[in-house]
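> got a predicted structure plus its sequence, pasted below:
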Amino acid sequence: MNLLKKIQNLSLTARKIIFWLVIIGLSLGLFSFWVKNFQKKVKTFEKEEFQGQLNLPSLGEELKQFEQIKENFEELKKLLEQNEEEPTTTETTE
């Protein structure tokens, strides 16, 4: 407690300097702890397991979808051709 009373009796500028030095010291300590943990995680990172967790679709699945789209497009094209071949009338019968 004697230390706190000494600090309280110092000028405002000195107290601010002490405060910021303590804050900077704690920040550097926490940052170094974070860096060490981050390095450990990077070393133990398993790329294959991560990709499995992402559940990315394979290229084969994507190609199947493109084939389905191509088939749908061909059907649409045939329907449009049939529509053009059939005569259409705009006359109404009364």
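Looks like it came in fine.

> buried residues, the lengthiest helix in the chain. List them.
The helix that spans the most residues within the chain, counting by DSSP state H, is helix 12-43. Residues of helix 12-43 classed as buried: none (neighbour count, 16 or more other Cβ atoms under 10 Å). Quick note: C-beta positions are derived from backbone N, CA and C, even for glycine.

> check which helices and strands that helix sits against.
Here helix 12-43 touches helix 2-8, going by 3 or more Cβ pairs under 8 Å, 6 or more residues apart in numbering; DSSP states H and E.

> CA atoms only for the next helix or strand after the longest helix of the chain, dumped as PDB, please.
Counting by DSSP states H and E, the next helix or strand C-terminal to helix 12-43 is helix 47-54. As requested, the backbone C-alpha atoms of helix 47-54 are provided in PDB (Å, rounded to 0.1, in the frame of the first residue of the first chain):
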ATOM      1  CA  LYS A  47      -4.700 -28.800 -44.200                       C
ATOM      2  CA  GLU A  48      -6.600 -32.000 -45.200                       C
ATOM      3  CA  GLU A  49      -8.700 -32.000 -42.000                       C
ATOM      4  CA  PHE A  50      -9.500 -28.300 -42.600                       C
ATOM      5  CA  GLN A  51     -10.600 -28.900 -46.200                       C
ATOM      6  CA  GLY A  52     -12.800 -31.800 -45.000                       C
ATOM      7  CA  GLN A  53     -14.500 -29.500 -42.500                       C
ATOM      8  CA  LEU A  54     -15.100 -26.900 -45.300                       C
END
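
> distance between helix 47-54 and the chain's centre?
Distance, stretch centre to chain centre, for helix 47-54: 15 Å (Cα atoms, centre = their mean, to the nearest Å).

> what's the average pLDDT for it?
Rounded to a whole number, the mean pLDDT of helix 47-54 is 72.

> how does this structure divide into domains?
As given by automatic domain parsing, the domain ranges for the chain are 1-45, 57-84.

> do you know which of the ones you listed lies nearest residue 90?
domain 57-84 (14.5 Å; Cβ to Cβ).

> please, which helix or strand holds residue 73?
Per DSSP H and E: residue 73 is located in helix 59-85.
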